[in-house]
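Chemist: sequence and predicted structure are below.
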Amino acid sequence: MKWLTSIRGRFLVLSALTVGLALALTAALLVSLFSSNIRKRIDLELTNQINTLAGALNFDVAGRLNRPSGPLDPRFAVPYGGLYWQIVDDANGQTLRSVSLFDTALDLPADTHTDGTVHHYLLPGPENLTLIVLERQVRVAAPDGQRAIRIAVAINGRALEEARNGFVRDIAPALAALGLFLVGASIAQLAFGLRPLSSLNEGIDRIRERRDTRLTGDYPAEFQSTVTAMNQLLETQGSMIEKARRRAADLAHGLRTPLTVLSNDALTLRERGETALADELDHLAATMRAHVERELALARIAASPDLRGGDSHIAKLVGDVIRTVSRTPAGEGIAFAVEGAVTLTAPVDPGDFREIAGNLIENAAKWAKSRVVVEWGRDEAAIWLRVADDGPGVPPAEIANLTRRGWRLDSAKPGAKPGAGLGLSIVREIATVYGMEFTLQNDEALGGLCAQVTVAAKR
C-alpha cells in the first residue's frame with residue numbers, strides 16, 4: 001500500500017471515491033425523478049380513465065347502474081389485461097367490475113370520501129401482482145336523485161417497475177462512460193498539476209548528483225518561494241563549506257611555520273649535544289604535524305555524498321596519482337600496472353577519491369619490492385578500486401590495526417621507511433562518509449597487502 005503514501009495515489013483514490021459517490025447519487029436522483037415522472041403519467045392516465053367511466057355512467061328505470069359503454073380502453077375487456085376498473089354504488093349495494101378483473105375484485109379500503117377527492121392505493125391484484133389504484137367519488141344523477149358513486153381504476157405496478165428498470169439499463173452505460181471520463185480527466189489534471197513538482201524533484205536530483213549547483217527553470221508561483229529558499233540555502237551552505245575549508249587550510253599553513261622552527265630548534269639542540277631534549281622536540285613536532293595533516297585532509301572531505309563537488313573520473317585521477325608517486329623516492333623503482341575501464345566514473349567527490357587513491361598507492365609503493373597493481377571496475381551495482389603490492393604483507397593479527405589513527409606498522413621495523421600512520425585511517429574516514437566497504441587483506445598472488453574500496457553505483 002506504499003502508493004497510498006504518495007500525493008498521486010491519494011488523489012487518485014479520492015477522485016475514484018468522489019466520482020463513484022457522485023455518479024451513484026446522480027443515478028439515484030435520475031431514477032427517482034424518472035419514477036416520479038412515470039408515476040405522474042400513470043396517475044394522469046388513470047384519472048382520464050376515471051373521467052371517461054364517470055361520463056359513461058347511467059341507470060336503468062329501477063335505479064340500478066348499467067355497465068359503462070362507449071369508447072373504453074381495450075385492456076378493460078381482456079382478462080388480466082393489466083388495466084382494471086371497479087364501480088361501487090354504496091347506496092344501492094351494487095358493485096360493477098371490468099372484464100379484465102375476471103374472477104377477482106379490488107379490495108378497496110373503507111375510506112371516507114368527499115366528492116372529487118382522489119385516493120391513491122397500492123393493492124394486491126390478479127396473478128399476485130401489486131396494483132396502482134386511483135379511486136374518486138363522483139355524484140351522478142339517478143332516477144331517485146343525486147347519488148354518490150365510487151370509481152376505482154387500477155394498473156399493474158409492474159409497468160412502473162419495468163419502466164424504471166429499463167431506464168436504469170439505458171443510463172448505466174452512459175454513467176459508466178461518464179465515470180471513466182471523469183477519472184481520466186482527474187488523472188490528466190493530476191499529471192499536469194504535479195508536473196512542476198516532478199521538475200522540482202529532477203532539479204534536486206541534479207543538485208545531489210552534482211550536475212547543477214542550484215534550481216533553475218520556470219516554476220509556478222506556488223513553488224517560487226520554495227525554489228528561492230532552496231537556492232539561498234544551497235548558496236549559504238556552499239559558502240560555509242568553502243569558508244571552513246579555507247580556515248582549515250589557513251590554520252594548517254599557520255602551524256607549519258612554527259613546526260618548522262621547532263624542528264630547526266631540535267636540530268640545533270642535537271648539534272649542541274642535548275640529544276634527549278632534541279628527540280622530545282622532534283617527537284612533539286612530528287605528532288603535531290601528523291595531527292595538522294590529518295585534520296587538513298579531513299576538512300577537505302565532503303560532509304556527505306550529496307555535497308560532493310561532482311563524480312570522479314577514475315582513470316584520470318589514478319593516472320595523476322601514479323605520476324606523482326613515481327617521482328617520489330619510494331616510487332622511483334616501482335613498476336605500476338594499471339587496469340580498468342577508461343570511461344568509468346565513481347559517485348565520489350574528485351578530491352576525496354584522489355585522497356583515497358593517493359593514500360592507497362603511496363602506502364603500496366612504500367612497502368612494495370618492485371611492483372604495484374592498481375585495478376578498478378564495476379560489478380552489478382558497485383564500483384571498486386583495488387591496490388595491491390608485492391611487499392612483505394602484514395601479519396593477519398595486525399591487519400585490523402592498519403586503519404587506526406596514528407598506528408604505524410613501520411614503527412616496529414628497524415630501517416623501515418617512516419610514515420605518519422594516517423593514510424589508511426583517512427581512507428577509512430572517507431569510506432565511512434560515503435558508505436563504502438573498505439577491506440584489507442594479504443594478496444595471494446603478489447604476496448603483499450591488497451586494499452579495496454567499494455562504493456554503490458548510481459542507478
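Modeler: That came through fine. Numbers count the residues shown, from 1 in each chain.
Chemist: would you map the helices across this protein?
Modeler: Secondary structure of the chain (DSSP state H): helices at 7-55, 158-208, 221-271, 275-299, 314-326, 350-367, 423-434.
Chemist: most tightly surrounded among the ones you listed?
Modeler: helix 350-367 (a mean of 23; mean count of other CB atoms under 10 Å). (Glycine included, C-beta is placed from N, CA and C.)
Chemist: now the angle from it to helix 221-271?
Modeler: 30 degrees (axes from the mean of the first three to the mean of the last three CA atoms, to 10 degrees).
Chemist: chain center to stretch 106-123, what's the gap?
Modeler: Remark: stretch 106-123 is offset 64 Å from the chain centroid, using CA atoms, centre = their mean, to the nearest Å.
Chemist: outside of it itself, list whatever touches it.
Modeler: 43, 47, 50, 84, 86, 88, 97, 124-125, 130-139, 148, 150, 152, 154, 157 (CB atoms under 8 Å, 6 or more residues apart in numbering).
Chemist: now, of the residues you listed, which are buried?
Modeler: 50, 84, 86, 88, 97, 125, 131-138, 148, 150, 152, 154, 157 (16 or more other CB atoms under 10 Å).
Chemist: circling back: of the helices of the chain, which approaches residue 80 most closely?
Modeler: helix 158-208 (11.7 Å; CB to CB).
Chemist: which elements pack onto that closest one?
Modeler: helix 7-55, helix 221-271 (3 or more CB pairs under 8 Å, 6 or more residues apart in numbering; DSSP states H and E).
Chemist: between the ones you listed, which one is nearest to residue 354?
Modeler: helix 221-271 (14.8 Å).
Chemist: the closest one - contacts with which helices or strands?
Modeler: helix 158-208, helix 275-299.
Chemist: quick revisit: do you know which of the helices and strands packed on helix 158-208 lies nearest residue 453?
Modeler: helix 221-271 (22.7 Å).
Chemist: low-scoring stretches of the chain, by residue?
Modeler: 1-6, 207-211, 241, 245, 248-249, 252-253, 255-256, 289-309, 403-422, 459 (pLDDT under 70).
Chemist: residues contacting the residue lying farthest from the centre of it?
Modeler: Within the chain, the residue lying farthest from the chain centre (CA atoms, centre = their mean) is residue 61, at 90.6 Å. Contact analysis of residue 61 by CB under 8 Å, 6+ apart lists residue 143.
Chemist: what of the one 10 residues further on?
Modeler: For residue 71, the residues meeting the contact criterion (CB under 8 Å, 6+ apart) are residue 52.
Chemist: domain-wise, how is this protein divided?
Modeler: Following the assignment in automatic domain parsing, the chain carries domains at 57-158, 212-300, 307-456.
Chemist: please convert those to a markdown table, extending it with distance to residue 30.
Modeler: Shown next, in a markdown table, are the domains of the chain (distance: least, CB to CB, whole Å):
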| stretch | distance to residue 30 |
| --- | --- |
| domain 57-158 | 20 |
| domain 212-300 | 38 |
| domain 307-456 | 57 |
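Chemist: of all the ones you listed, which one is nearest residue 37?
Modeler: Closest among the domains of the chain, using CB to CB: domain 57-158, at 14.4 Å.
Chemist: picking up where we left off before, redo the helices and strands packed on helix 158-208 as a markdown table? Include distance to residue 440.
Modeler: Shown next, in a markdown table, are these (distance: least, CB to CB, whole Å):
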| stretch | distance to residue 440 |
| --- | --- |
| helix 7-55 | 47 |
| helix 221-271 | 28 |
